[in-house]
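Engineer: Here is a sequence with its predicted model. Questions after.
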Amino acid sequence: MSTAPLPGERVARYDVTARRDTDYYAVFADIPDADRAVWERAQAFIDEVGPRMQHEWDAATYPLDLARRMGELELYTDGLDHPDLPASSPLAAGLVNMEISRGDGSLGTVLAVQGGLALRTLALFGSPEQQARWLQPIARGEVLGSFALTEPDHGSDSVSLETTATRDGAGWVLRGAKKWIGNGASGGVTFVWARVQDEGADDHGAVRCFLVEQDTPGYTGTVITGKASLRGIHQAHIALDDVRVPADAVLPGTKSFKDASIVLYSTRSGVAWSALGHATACYEAALSYATQRMQFGKPLAKFQMVQERLTQMLADLTAMQLYCRRLADLESAGGLRPTQASLAKYHNTRTARRIAATARDLLGGNGILLEHGVMQHMADIEAIHTYEGTESVQALLLGRDITGMSAFA
């Protein structure tokens with residue numbers, strides 16, 4: 001049998017997922033050594049597990065061992081400044097977000113949930129006793145954490161949450177439902193945001209957060225199936241059916257919905273970085289493919305239309321990089337405003353969608369194959385475009401800031 005290629009199949013496989021280190025404006029050329037070391041740990045991890053995650057995504061399975069591995073590599077600290085956590089600058093946190101998402105969006109969401117939401121909530125608002133028990137296990141990935149704010153009937157209007165917390169003797173009773181909760185059925189702990197229902201009490205109607213172990217009676221986390229995005233992480237629909245927790249389950253630093261907003265504002269920067277990672281993967285795949293794919297007797301990269309598309313993608317990608325670097329600088333200086341994070345999230349997720357669509361088109365029929373990465377990133381971008389505040393909500397927050405007038409209902 002001949003080993004020569006069959007007619008019509010000169011190239012059986014295209015190598016388009018390798019990192020190309022695109023940085024046209026040298027935005028990341030002056031990264032401090034400590035931050036670069038964290039970034040390189042994330043790069044080595046994603047290079048190791050990237051191929052596996054294509055299969056996990058395809059099968060819609062959640063590799064819990066990889067979630068724990070990120071904790072072992074100290075990738076969850078997300079720029080938090082806490083004496084009991086490894087030092088991590090906002091720039092290092094952003095680079096990790098970018099790199100993990102460049103490799104796989106599901107793992108990028110694990111990072112956002114475990115570090116950006118759960119660990120941050122505990123570090124900012126937890127009691128000394130709660131932090132002593134749970135901070136290190138969550139940071140190391142030994143215990144998976146989730147952040148339960150969104151409800152089936154309250155997504156963008158999460159301020160209207162209906163889950164209740166009622167005092168009952170020396171403890172509390174939680175009742176309600178939550179949806180789209182990453183790690184909510186992983187066997188760890190959930191930070192549940194609920195409205196106090198206690199007529200006559202000073203905090204009646206206030207929104208507070210409760211640390212709930214997922215094996216508590218009445219807590220049921222059901223994995224949401226049928227997702228076409230972020231298939232390599234499980235999100236849960238949570239039922240809280242008279243869940244009884246002790247008095248010390250409440251995080252004492254949480255007093256109102258504004259505290260939940262503090263966490264969400266912080267994670268919006270992470271989403272901007274995540275979008276940059278997805279877009280980088282799509283652009284680099286398109287560039288690699290254009291240099292390898294032959295049509296009409298020459299590489300796609302020699303066609304004027306293809307060069308114009310690659311140039312537009314690079315321009316968009318460079319703008320995203322500049323947004324993210326400036327975000328990190330502002331946060332390091334203590335001058336980052338919530339709406340600045342909103343603008344970066346608004347811009348970068350929109351731009352990532354455009355880059356992914358152009359890359360998918362440039363790869364032609366090969367663009368829908370998971371082995372080339374672009375279609376998976378394209379699907380995952382749809383999720384980050386929505387979570388941590390939809391495009392419409394970000395626009396209204398920004399509109400209120402620049403006009404001084406609120407358009408919220």
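Structural biologist: Okay, I see it.
Engineer: residues contacting the nearest residue in space to residue 86 that is not next to it in sequence?
Structural biologist: Leaving aside its chain neighbours, residue 86 sits nearest to residue 74 (4.9 Å; criterion: C-beta to C-beta, 6 or more residues apart in numbering). Every C-beta, even on glycine, is put in place using the N, C-alpha and C of the backbone. For residue 74, the contacting residues are 38, 41, 86, 88, 139, by C-beta atoms under 8 Å, 6 or more residues apart in numbering.
Engineer: What is the helix or strand hosting the second one packed up against?
Structural biologist: Translated: residue 41. Remark: residue 41 resides in helix 33-59, with elements defined by DSSP states H and E. Contacts of helix 33-59 with other secondary structure elements, assessed using 3 or more C-beta pairs under 8 Å, 6 or more residues apart in numbering; DSSP states H and E, are made with helix 64-72, helix 90-103, helix 105-111.
Engineer: so of those, which one's packed in deepest?
Structural biologist: Burial of those is given as mean neighbour count (mean count of other C-beta atoms under 10 Å); helix 105-111 ranks first at a mean of 29.
Engineer: mean confidence score for it?
Structural biologist: Per-residue pLDDT values across helix 105-111 average out to 97.
Engineer: For the next helix or strand after it, list the C-alpha coordinates in CSV.
Structural biologist: For helix 105-111, the succeeding helix or strand toward the C-terminus, using DSSP H and E, is helix 120-125. Output in CSV follows, covering the C-alpha atoms of helix 120-125 (Å, rounded to 0.1, in the frame of the first residue of the first chain):
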residue,chain,number,x,y,z
ARG,A,120,-12.6,37.1,47.0
THR,A,121,-16.0,37.0,48.9
LEU,A,122,-14.4,35.1,51.8
ALA,A,123,-11.2,37.3,51.8
LEU,A,124,-13.2,40.6,51.8
PHE,A,125,-16.1,39.8,54.0
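Engineer: Please identify the buried residues of the longest helix seen in the chain?
Structural biologist: The helix of greatest length in the chain, counted in residues with DSSP state H as the criterion, is given as helix 257-292. Along helix 257-292, the positions that meet the burial threshold by neighbour count (16 or more other C-beta atoms under 10 Å) are 257, 259-261, 263-290.
Engineer: helices and strands around it, which ones?
Structural biologist: When contacts are defined as 3+ C-beta pairs under 8 Å, 6+ apart, helix 257-292 sits against helix 90-103, helix 105-111, helix 120-125, strand 207-213, strand 298-299, helix 304-332, helix 338-362, helix 374-386.
Engineer: out of these, nearest to residue 150?
Structural biologist: Each of the helices and strands packed on helix 257-292 was checked against residue 150 via C-beta to C-beta, and the shortest separation belongs to helix 374-386, namely 10.6 Å.
Engineer: List of residues touching that closest one?
Structural biologist: Where contact means C-beta under 8 Å, 6+ apart, the residues beyond helix 374-386 that reach it are 16, 54, 57, 101, 104-106, 108-109, 228-230, 271, 274-275, 278-279, 281-282, 285-286, 349-350, 352-353, 356-357, 359-360, 363, 367-370, 391.
Engineer: what about the closest residue to residue 91 other than its chain neighbours, neighbour count?
Structural biologist: Of all residues not flanking residue 91 in the chain, residue 328 sits nearest, at 4.0 Å (C-beta to C-beta, 6+ apart). Using other C-beta atoms under 10 Å, the number of residues around residue 328 comes to 21.
Engineer: could you measure residue 328 against residue 115, distance?
Structural biologist: Counting by C-beta to C-beta, to the nearest Å, the gap from residue 328 to residue 115 is 16 Å.
Engineer: what's near enough to touch the nearest residue to residue 10 once chain neighbours are set aside?
Structural biologist: Using C-beta to C-beta, 6+ apart and skipping the chain neighbours, the partner closest in space to residue 10 is residue 294 (6.9 Å). For residue 294, the contacting residues are 10-11, 300, by C-beta under 8 Å, 6+ apart.
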